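# sharing a model prediction with you, sequence too.
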Amino acid sequence: MQIEIVLAGFGGQGIMFAGQVLSYAAMETGKEVTWIPSYGPEMRGGTANCTVVIADEEIGSPLVKNPPVALVMNLPSLDKYEPLMRPGGTLVVNSSMVDRSVRREDITAIYIPANEIAEEIGDKRLANMVAVGALLTAVSVLKTEDIEATLNAHMPGRHKHLLPKNIEAIRKGYAYAQAHTVAAKA
């Protein structure tokens, strides 16, 4: 088993943190993992993406050209990664920041209003964890409990007070995605 994931958005949306959380969770469940960040020239507001590869065996290459799974947090990321998706793959779209539908009919689309759900929880910075929760519906090798345990183990002490809200965000994203997935038309 090997699953390749691309996460993309603007700098400041928590893309790198989301990728790291997925990577740590996979490591803690005994999987082989690679995580590669990529930043645009700007700090906040510029492009940011990362790739996460999770496997049962040693990973031959950390590069991902045609991801079977992707999470896009903004329109430029959708425009970039939708054409690259592997047929039959799953694309998680932050519908709070994307004003169009996925055009391809050979992939599954999961639309998640991550920003709105995060604001309902009480912190707009949780949009990345809402989106990760939605992503977990497409990544069967990780469960919400794995991500929650990873956050608990790796969250710095000064941020531990944020743990309950992060867990709530993951669970709400997962539940929303389960109820609102649009399957590929094959």
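Everything's here; your move. Residues are numbered from 1 along each chain as shown.

# and the helices in the chain, which stretches?
Under the criterion DSSP state H, the chain contains helices at 15-28, 75-81, 114-121, 127-135, 144-154, 163-180.

# for these, which has the smallest mean pLDDT value?
For the helices of the chain, mean pLDDT drops lowest on helix 144-154, to a mean of 89.

# pull out the buried positions in that one.
For helix 144-154, burial by neighbour count (16 or more other CB atoms under 10 Å) applies to 144, 146-148, 150-151. (Each C-beta comes from the backbone N, C-alpha and C, glycine too.)

# list just the nearest of those residues to residue 2.
Of all the buried residues of helix 144-154, residue 2 sits closest to residue 146, with 17.4 Å by CB to CB.

# quick check: that closest one touching residue 25?
Yes - Residue 146 is within contact range of residue 25, at 4.3 Å (criterion: CB atoms under 8 Å).

# for the residue nearest to residue 17 when sequence neighbours are not counted, give its distance to residue 59.
The spatial neighbour of residue 17 that comes closest, neighbours along the chain excluded (CB to CB, 6 or more residues apart in numbering), is residue 128 at 6.3 Å. When CB to CB, to the nearest Å is applied, the distance between residue 128 and residue 59 equals 24 Å.

# same check on residue 130?
From residue 130 across to residue 59, the span is 28 Å (CB to CB).

# between those two, which one's more packed in?
Neighbours were counted for residue 130 and for residue 59 using other CB atoms under 10 Å; residue 130 has more, 31 against 15.

# next up, the contacts around that one.
112, 114, 117-118, 121, 169-170, 172-173, 176 (CB atoms under 8 Å, 6 or more residues apart in numbering).

# can I get the buried residues of helix 144-154 in TSV with distance to residue 99?
What follows is the buried residues of helix 144-154, written out as TSV (distance: CB to CB, whole Å):
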residue	distance to residue 99
144	29
146	33
147	29
148	32
150	33
151	31
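
# and which of those is nearest residue 9?
The closest of the buried residues of helix 144-154 to residue 9 turns out to be residue 147 (CB to CB; 18.2 Å).

# just to check, the closest one is in contact with residue 131?
No - using CB under 8 Å, residue 147 is not in contact with residue 131; the gap is 11.8 Å.

# wait, residue 63 sits on residue 38?
No - contact criterion CB under 8 Å: residue 63 and residue 38 do not qualify, at 11.0 Å.

# no further queries at this time; thank you.
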